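Colleague: please find the sequence and the predicted model below.
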Amino acid sequence: MTFEEIVSKTREVAAGTDVSGIDFLAVQCNLTGDNGGVFYVEVKDGKTSVEPYEYYDRNCAITMKADNFIKLAQGKLDPVAAFTLGKLKVDGDIGKAVEFGKLFKK
C-alpha cells in the first residue's frame, strides 16, 4: 500500500467512525519504513479530517512503521499492545493516543 493509499484508507475508516464523544483530537502520524510519510487526523466539531501534512498544535504524535499502522487501521493490531511491544511510540498526551486508537476499533 502506498502512502497515498494509507491516507485515503484512513479517511475512509475515520469517516465511518462515531466521534460524537470527542470534543477535540489532533494526532500527527509519522510513518516510517517503506511507504512512510507524515499525515494528521483531526476530530473537531463532530467532523474528522485526515490530511497529508504536519500538525504543529497537536495533542500528540505517534510514530510507527507503515505496515504496523495498516494493521492498526484494520483493527488487527491493538494500540496498547503495539505501544507495550515498542511498535508504537507516542510523543505528547498518551491518553489522546489511546483515544485515537479507539477510532479504529471494529
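Modeller: Arrived safely. Computed from a prediction, not measured in an experiment: that's the story for all the values here.

Colleague: buried stuff in the helix ranked longest in the chain?
Modeller: Ranked by residue count, the top helix of the chain under DSSP state H comes out as helix 3-15. For helix 3-15, the neighbour count (16 or more other C-beta atoms under 10 Å) marks Phe3, Ile6, Val7, Lys9, Thr10, Arg11, Val13, Ala14 as buried. From N, CA and C alone the C-beta is placed, and that goes for glycine too.

Colleague: and the first one, how close does it get to Gly95?
Modeller: If you measure Phe3 against Gly95 using C-beta to C-beta, to the nearest Å, the figure is 28 Å.

Colleague: coming back round to it: any buried residues in the next helix or strand after the longest helix of the chain, and which?
Modeller: Later in the chain than helix 3-15, the nearest helix or strand by DSSP states H and E is strand 24-32. For strand 24-32, the neighbour count (16+ other C-beta under 10 Å) marks Leu25, Ala26, Val27, Gln28, Cys29, Asn30, Leu31 as buried.

Colleague: show me what the most centrally placed residue in the chain is bridged to.
Modeller: Nearest to the mean C-alpha position of the chain, counting by C-alpha atoms, centre = their mean, stands Cys29 at 5.5 Å. Taking DSSP bridges as the rule, Cys29 bridges to Phe39, Ile62.

Colleague: which residues touch it?
Modeller: Cys29 makes contacts with Thr10, Val38, Phe39, Tyr40, Val41, Ala61, Ile62, Met64, Phe69, as judged by C-beta atoms under 8 Å, 6 or more residues apart in numbering.
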